[in-house]
Each structure stands twice: as C-alpha cells, then as structure tokens.
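Engineer: Need a 3D model of the following:
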Amino acid sequence: MTDARLRRLDQVAGWAAVVLVAVPFVANAVVAAGLEWHPASDRAVILARITDVLGGDRPLVGAYSRFRFNHPGPLGSYLLAPAWALRSTPGSVLAACALLNGAAVLGAVALTRRRAGSLAAVGMAATLLLVARSMGPVLLRDPWNPWLPVLPFALFLVAAWAMATGSRWALPVAVGAGSFVVQEHIGSAAVLAAVGLWGAAALAAVAWRERPATAARPWLRPVLVGSLTAVVVLVAWAPPVRQQVTASPGEGNLSRLVSHFRDGGDDAVGTTTAGLGTALAIVGRQVRPLGPWLVADEPVNLFTGEVEPLSPWWVGLFVAAVAGAAALRVRRRRGRDPAVLLAVTVLVGAAAGVLAVARVEDGVFPYLIRWWWVLAAMGWFVVAWVVGGLLLELVGRDRPAPARAVLTAIAGSVLVGLVAVTSVQAADRSVPDPDQSRALAALVGPVRAAMAPGAAVRVTSAGQDSGSSRPGWPSTSSRRAARWPPPPTRPTSGDRCAGRDEPPPDRRLIVATGPGTLAAPAPPGYEVLATYDSLPASERAEAEVLRVEVDAAVAVAEARGDTAWGLAGDADRLGIPEERLARLADLTRRSTEAVVYRARAEAPG
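Structural biologist: Down below sits the predicted model:
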C-alpha cells in the first residue's frame, strides 16, 4: 500500500469515527422525542427550571442539593431550554439530553483525531461508546443533574489533554465543558480543578517554548484564544455570579458552597465522610479492567444503596498499568507524545478523584461517582493505545503500511459493531424513574378534569415518598400557573415559589404516597380525588400478609436481643423461608401507592 493510499485510509477512518460515534445518540434522541414521560421528584424540578429559562423567571443557580446549597449554575437548564421552546413536551427534553451527550462524545473524538490521528480517534470513539453502552439508553436521555454531565466530563478530559499537547483552541472547550460539568454537579470539582491546572500549565510551557521570535503578530492567536475563553466564562458564570451579588447577606449560593466545603456549612454536625481507605476500596471497583464502565455491573449495598467496596489493590494495578504504559512509550519515543500526555492526564485525574471520593459525605452512592467510569475507561484506553502501537511496530517492522491498514480495519470493525449495538440499545422506550411516571400519568387525568384551565394549584405532600411526588404535579399538569411551596430551607433561583396569592380551597391538593397510603383515611377537610396502585388487588393483599409476618418476626428477634441491622432481610435470623422474603422484596420493589386529596370548598384555609 502506498503512502498516499494509507493517508487516505487514515483520513476516512478518522472522519468515519467522528460521524459514526454520533449515530447511537441521534437514534436515542429520535426514540426519546416520542416518549410520554411524567417526571417526578428532582427531574420535575429540573423540567420546571428548563421552562423558566424562557418564561421570565430564569434560574440563576443549579439543582438543589440535600446539603442546603444549590449546585453552582444553571447552564444545563439553558442548554436544554431550546428543546422545550421548539416542542413543549417532556420527551423533547429527553431527546435534547441524548443529543447533548452525543455532542460531547463527538467533540472528544474530533479533538482526539486532531491531536493524535485517526487510529487514536477510532479507539477513543470505541472507548466512549463502551461507557455509553454500560450507562444504558435511559441514563443517556435523563436530565437528572448527576447523570447529564458524565459524558461531557469525557469531553473536558480530552480537551485538557489536548491543551497539554499544545492545542490553544482546546482551552475554551475545556473551560466550557468543565463549567457545564461542575455547574450540574459539584462532586467532580476537585478532579476538574486538578486536571484543568495540569492542562493549563502544560499548555503554558508549550507556548513558552514555541513562542515565535520573528512572527509579525505573535500576540494575535493568544488574544483570540483568550477572548473566546473570556466569552465562555462570562456566558457560563454570569447567572450564578449575579445571584451571589444580588442575594441577601448569607443567601449567596457561591458563599454557601464555599462555607460547606470549608467547614461543612450548616451540616457539619452529624455528617461523616468516606475517608481515604473506603475511597480506595470503592475506586478499586471502578477501575478494574472488567469494571462497571465495561460490564455495567456496579453492586450496591442492599440496605443503604451505597457502592460496595472492593480491594484497593485494583487501584494500584490501574495506576501501575497506566504509568507503565507511559514509561514504555517514553522509552520508545521522544518529544511530547500524545499517549504519554493522556496517561499523565488520567493519573492526575485519578489522584484527585480518590481524594474527591474520600470527601463524600453520608454515603458513596453510584450517582455521586459515575464520572469515575470515564476516568477508568480513559486509563485502559491509554494502555490499549500503547500496547497496540507496540504490536504495530513489531509486526509491521518490515511492512508498516499494510500492518497499519490491517489494524485500522480491525479497529474500525470493532467501532462499527459498537455503533450497531448501542444504536439497537437506543430503541428501548423506557423513561427515567418509570414507576413515578406511571403513577403520575394515571393520576393527572382526574386532577386536570377537576381543575379549571389555567388555575393555580397549591400542591403539598405526605407520606414516605412525599419528596418524589410533590414536585411532579406542576410540570406534569403542563400548567405554567401551577405552583407549590418549597421546604423552608430550599433556596430558589427567583420568586417562583414565594409571594403568590393563596388559591381557593378547592384547588388545594395533597399528594400522599408510600406504603399504607391507600388504606389511610383522608385528612380532615379533604376528599379523595384520585388513587393509584401499581399492584393488582391479589398482590396487594399478599404483600400486606407478608409484611405483617415479617414485622412480627422482626419484633420477636429484637425481643430476644438480636441486632436490628439487616434483620428484615435475613431469613435465618427471622425463621422465615427465603422465598417468602424474596417475594416480599419483589412486591415492595414493584409497589407504588398514591392518593390525591382535594380540599372541600368549605374547608378552612
């Protein structure tokens, strides 16, 4: 094969990787656009904030956190708002999320092709599609703020690495992607800071060494890059800065964030952090060669929902593999090798990532550390890149062009297979939080029929799952005038939840959810408007019998001095057959009870 034909093959492979990697996300968006979705809980609030972007009550801060601050900024709401403007349905927001993830992956692959060539681009595309396949189609279309920034985090890492290779134009990309990631969820802020500083320092070193001595206008490109970066910073951070400046003393969200991470803020008492030992064990599960980033299996504790730790030795193996690959590459190549610089980028991110996990408070849940899937995948991609390059050198020592052509064909075939698999996977018509969506879909019809068009409705909640049900009603009913009162400690981005006139009594609703809701009497002054039960009557009765049996066995065990932790799920300690406990667990998992009560017109205010 001639050099000219090999260059054409490389060009085709590189651009094919850029184009093909977007196909599964486009397919996901097409499917998502036609879905009927009734968001609840955090997702309902997120959807309401998206509608606010074009509705005059623009959000200035990010999603609310259980630690009494908001995540730094509303950039996600602003990026998804055009989808709502074009087609005001929740499905359009799901589609926009899929496209946003696709844009992040496409950008990462395009940057890789630019800085490291076509084979690296094909490998990067395959790596990110493996992560996307493990995440699944529902998470790729989910607007929930911990899920949405996972793949944009990959774009940030690639942009920081591109900066280290000397790409000045990667700076605004890194700033933009990093701003989006940290505004959506602050949990990866330490990783963003460490990797960003590494990329900026490496870029500055390259720029200093390559400063033109005789160029006519050596200042022009730095000025253009700096100006574009400043514009990105201004656009991304103007809303949260405005909220900080205009807020009442002590109410600035950025101040709350600084206070929390400096001394724990209002939640310092009673909170515990994971610690370094636990962090290493949890990260060990993430970075295995066959870790959850590849096999989509992330075991969690049955009772707490936290990620199950594994041996911290896997972290040592991961670091040794990535560092060893970099060292091997350094020995065989001189200069700023892209593979070595990506290895350093991953190692910097991994060091900061372990510290970030160690600082997690009150439980390390999967959604808090899902960005580790990207770091782990990037690390093993570097190892594969170096090993593949070494094999290419050994096999193609006498005939390098044919060997490279064969390797390109093999890598391209793997990529095409992954594109096909993830595109088929995208046909799944599931929606985020399906149980709550089905419940709201069943209840909203009677509620709409009972309310006058455009009426303002006051929705409060009760029951074990009240936090999941209450926020869903305003967005589900598709009434812009619908309102609900926030908890007193919940910061808001404006006056959406305050300063409103009290609606008449017949427009006051209570949404009750959780076990036993259907059997509970109506609150005084209220009447039942609608009910929902996900289980048929026979299974509901069976669940109640099993629950009474287990509760009685637990009481007997505790009376004899048995410890309560894990007791309800231990068949031997309870003396109950394992299959009966498994049956109760299955019924409980599938059980959703909800009742909507409406205040009688004569009820007192």
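
Engineer: quick one, phi/psi of the residue nearest to residue 373 when sequence neighbours are not counted?
Structural biologist: Residue nearest to residue 373 in three dimensions, not counting chain neighbours: residue 293, with 3.8 Å by Cβ to Cβ, 6 or more residues apart in numbering. For the C-beta atoms, the positions are set from N, CA and C on the backbone; glycine is no exception. Note on residue 293: backbone dihedrals following degrees, to the nearest 10 are phi -60, psi -20.

Engineer: how many neighbours does residue 293 have?
Structural biologist: By other Cβ atoms under 10 Å, the residues close to residue 293 number 27.

Engineer: ok, now which ones touch it?
Structural biologist: If you count contacts by Cβ atoms under 8 Å, 6 or more residues apart in numbering, residue 293 has them with 130-131, 134, 286, 372-374, 376-377.

Engineer: Test my guess that residue 84 contacts residue 91.
Structural biologist: No: with contacts defined as Cβ atoms under 8 Å, residue 84 does not count as touching residue 91, sitting 10.6 Å away.

Engineer: Residue 586 sits in which helix or strand?
Structural biologist: helix 578-590 (DSSP states H and E).

Engineer: and that helix, what does it pack onto?
Structural biologist: Packed against helix 578-590, as judged by 3 or more Cβ pairs under 8 Å, 6 or more residues apart in numbering; DSSP states H and E, are the following elements: helix 537-559, helix 571-574.

Engineer: Kindly report which one of these carries the lowest mean pLDDT.
Structural biologist: Of all those, mean pLDDT reaches its minimum on helix 571-574 (a mean of 74).

Engineer: which strands and helices sit next to it?
Structural biologist: Using 3+ Cβ pairs under 8 Å, 6+ apart, helix 571-574 sits against helix 537-559, helix 578-590.

Engineer: go with 7 Å
Structural biologist: helix 537-559 (3 or more Cβ pairs under 7 Å, 6 or more residues apart in numbering; DSSP states H and E).

Engineer: Give the buried residues for the helix it packs on.
Structural biologist: 539-540, 543, 546, 550, 553-554, 557 (16 or more other Cβ atoms under 10 Å).

Engineer: same question, stretch 280-296
Structural biologist: Quick answer for stretch 280-296 (16+ other Cβ under 10 Å): 280-288, 291-294.

Engineer: Closest to residue 445 out of the residues you listed?
Structural biologist: Lowest distance from residue 445 to the buried residues of stretch 280-296 (Cβ to Cβ) belongs to residue 292, with 39.3 Å.

Engineer: Tell me if I'm right that that closest one and residue 374 touch.
Structural biologist: No: counting by Cβ atoms under 7 Å, residue 292 does not reach residue 374; the two are 11.7 Å apart.

Engineer: where do the helices sit along the stretch 351-500 of the chain?
Structural biologist: Using DSSP state H, counting those that start in this stretch, the helices of the stretch 351-500 of the chain run over residues 371-395, 400-425, 434-450, 466-469, 472-476.

Engineer: JSON lines please, covering the ones you listed and showing mean neighbour count, mean pLDDT and distance to residue 595.
Structural biologist: JSON lines is the format used below for those (neighbours: other Cβ atoms under 10 Å; pLDDT from 0 to 100; distance: least, Cβ to Cβ, whole Å):
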{"stretch": "helix 371-395", "mean neighbour count": "21", "mean pLDDT": "91", "distance to residue 595": "39"}
{"stretch": "helix 400-425", "mean neighbour count": "17", "mean pLDDT": "87", "distance to residue 595": "37"}
{"stretch": "helix 434-450", "mean neighbour count": "17", "mean pLDDT": "83", "distance to residue 595": "9"}
{"stretch": "helix 466-469", "mean neighbour count": "21", "mean pLDDT": "42", "distance to residue 595": "10"}
{"stretch": "helix 472-476", "mean neighbour count": "26", "mean pLDDT": "41", "distance to residue 595": "13"}
